[in-house]
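>>> With the input below, show me the fold.
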Amino acid sequence: MSELNSKQWFTEIFSPSGSAFSLRIEQKLAEVQSPFQHIEMYQTTDFGNLMVIDGVIMLSSRDNFLYHEMLSHPVLFTHPAPKNVVIIGGGDCGTLREVLKHPDIERVTQIDIDEQVTRMAERFFPELCASNNDPRATLLFADGIQYMRETPAGSVDVIIVDSTDPIGPGEGLFNRAFYQSCLAALKPGGILVQQSESPLIHMQLLNDMRQAMKDAGFADLQTLQFPQMVYPSGWWTCTLARKDQAIDGFRRDAAANPAFETVYYNAEVHQASMALPNFMRQQLAAQ
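As a prediction, the model looks like this:
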């Protein structure tokens, strides 16, 4: 639920937690109704441009680096030698840009069901789309669930699920059947990572996701935490699932000396993101 009041504050109301988040708006830049969802673009006074889908804030210019970097670099530095990456969702192309910063990546295929998200990002977040024409990148506008079902077995090193909440087009990306398709597509040692919502207000969803990953046959899981101001509670997670072996740390030396620049991510942040508060440890251990 969202509203734009007379004082030009865009407010997203999150009723399940009795909370709301507002940003001051200068003007609405554009809106479009795609076959899948309603997309709006705003110019804010302090957070740059703002993308809203079906009344829910997706990203702002000011803080999207937190999400995009944490969904990309931890998994790529955890895998020993990623070459072939698939991104499910990610239509704003920020995650694609971060993945392509890794010089050893040979191929990235992004599959988002809604082409309009990418077209709006190209207009209003061109910095996120800077790598769309990289020869290693392929952008497809199709059903990611079907794509994973049809992906040849043992062909992918890393799968990044950069999805919306588990409603609408994103609903089918949070269940055992989808995770089984991902498991089959991964090479030995391959890793799936998915945004896994807020531990403060979506803990049941996080538990359900992890259980579905385990039921699908993944050998080991690791949930990482990071701040994300414009999302409900301002506290977010992503969860890694490894196909057939334990997640035993990450390539610290490579993460500490990357061949590219980041705004938030570094080796120390990666290490810190793995430290979970007691209530999360207790609930995840109870699975």
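>>> Residues touching stretch 209-223, excluding its own?
Stretch 209-223 has contacts (Cβ atoms under 8 Å, 6 or more residues apart in numbering) with 78, 174-176, 179-180, 182-183, 192, 194, 196, 199, 206, 237-247, 274, 276, 280, 284, 287. Every C-beta, even on glycine, is put in place using the N, C-alpha and C of the backbone.
>>> Just the ones of these in helices?
Among these, DSSP state H puts T78, R176, Y179, Q180, C182, L183, L206, M280, L284 in helices.
>>> from the contacts of stretch 209-223, which would you call buried?
Among the contacts of stretch 209-223, the ones that count as buried by 16 or more other Cβ atoms under 10 Å are 78, 174-175, 179-180, 182-183, 192, 194, 196, 199, 206, 237-243, 247, 276, 280, 284.
>>> Make TSV out of the ones in helices among the contacts of stretch 209-223 and add distance to Q146.
Conversion of the ones in helices among the contacts of stretch 209-223 to TSV gives the following (distance: Cβ to Cβ, whole Å):
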residue	distance to Q146
T78	27
R176	16
Y179	15
Q180	14
C182	13
L183	16
L206	26
M280	33
L284	31
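>>> Just the strands from this protein, written as ranges.
2-4, 9-14, 19-33, 38-44, 49-53, 56-60, 84-89, 107-111, 137-140, 156-162, 186-195, 220-227, 235-242 (DSSP state E).
>>> Run a quick neighbour tally on the closest residue to G154 other than its chain neighbours.
Leaving out its chain neighbours, the residue that sits closest to G154 by Cβ to Cβ, 6 or more residues apart in numbering is K187, at 5.1 Å. Using other Cβ atoms under 10 Å, K187 is surrounded by 18 other residues.
>>> does K187 really touch S155, like I thought?
Yes: applying Cβ atoms under 8 Å as the test, K187 and S155 come out as touching, 6.9 Å apart.
>>> Check the contact lists of these two and give me the overlap.
Joint contacts of K187 and S155 (Cβ under 8 Å, 6+ apart) do not exist.
>>> From T109, how far off is the residue nearest to G154?
Look at K187 and T109: by Cβ to Cβ, to the nearest Å, they are 15 Å apart.
>>> do G189 as well
For G189, the distance to T109 - Cβ to Cβ - is 19 Å.
>>> Neighbour count: these two, which is higher?
T109 (18 against 15).
>>> now that one, nearest residue through space, not along the chain?
Among residues not flanking T109 along the chain, T138 sits closest, at 4.7 Å (Cβ to Cβ, 6+ apart).
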